[in-house]
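K.L.:
I would like to see how this sequence folds:
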Amino acid sequence: MAQPKIQPVGDRILIQHKEEKEQIRGGVIIPDSAQEKPQEAKVIALGSGRKGKDGKVIAFEVKVGDNVLVAKYGGAEVKLGDRKYTLVREDDILGVIG
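P.N.:
Got it, this is the predicted structure:
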């Protein structure tokens, strides 16, 4: 996968949600608009980091390539070409999947 042409700033992180298979319940296909956004995502790019009260940059707790759990309604969706990404703050990341 080619690196997208977007670089997050500050404490923002660019993630790509894992693709979920089409949901079928009772023989009825659930449309994409009615499905919940998956909470599992992959870190694509990191911003420069959050600044502490003393002005020093605090390093991220995640790194590019990590699989993470993200808050359901956090972030801003962006579309680059045919791929969808989400920009989230580090606080919206709930944990790293081992």
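
K.L.:
pLDDT-wise, which helix or strand of the protein ranks last?
P.N.:
In the chain, no helix or strand scores lower on mean pLDDT, DSSP states H and E than strand 24-25, which sits at a mean of 57.

K.L.:
so where's this protein shaky on pLDDT?
P.N.:
1-4, 20-38 (pLDDT under 70).

K.L.:
spatially speaking, which residue is in the middle of it?
P.N.:
Taking CA atoms, centre = their mean, the centroid of the chain lies closest to Ile15, which sits 2.9 Å from it.

K.L.:
give me every residue that touches it.
P.N.:
Ala41, Lys42, Val43, Ile44, Val68, Val70, Gly75, Tyr85, Thr86, Leu87, Val88 (CB atoms under 8 Å, 6 or more residues apart in numbering). In this view, the C-beta of every residue, glycine as well, is placed from N, C-alpha and C.

K.L.:
With Phe60 instead?
P.N.:
Asp11, Ile13, Leu46, Gly49, Glu90.

K.L.:
From those residues, which land in strands?
P.N.:
The strands, defined by DSSP state E, take in Ile13, Leu46 from those.

K.L.:
Just the buried ones from the contacts of Phe60, in ChimeraX syntax?
P.N.:
The ChimeraX command for the buried members of these (criterion: 16 or more other CB atoms under 10 Å) is given here:
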select :11,13,46,90
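
K.L.:
now, the most widely separated pair of the contacts of Phe60?
P.N.:
Greatest spacing in these, by CB to CB: Ile13 and Gly49 (10.3 Å).

K.L.:
re earlier: please identify which of the contacts of Ile15 is nearest to Lys53.
P.N.:
Nearest to Lys53 out of the contacts of Ile15 is Val88 (CB to CB; 22.7 Å).

K.L.:
Distance of the closest one relative to Ala41?
P.N.:
Per CB to CB, to the nearest Å, Val88 is found 8 Å from Ala41.

K.L.:
what about the nearest residue to Glu40 once chain neighbours are set aside, neighbour count?
P.N.:
Closest residue to Glu40 apart from its sequence neighbours, by CB to CB, 6 or more residues apart in numbering: Lys18 at 4.6 Å. Neighbours of Lys18 under the rule other CB atoms under 10 Å: 11.
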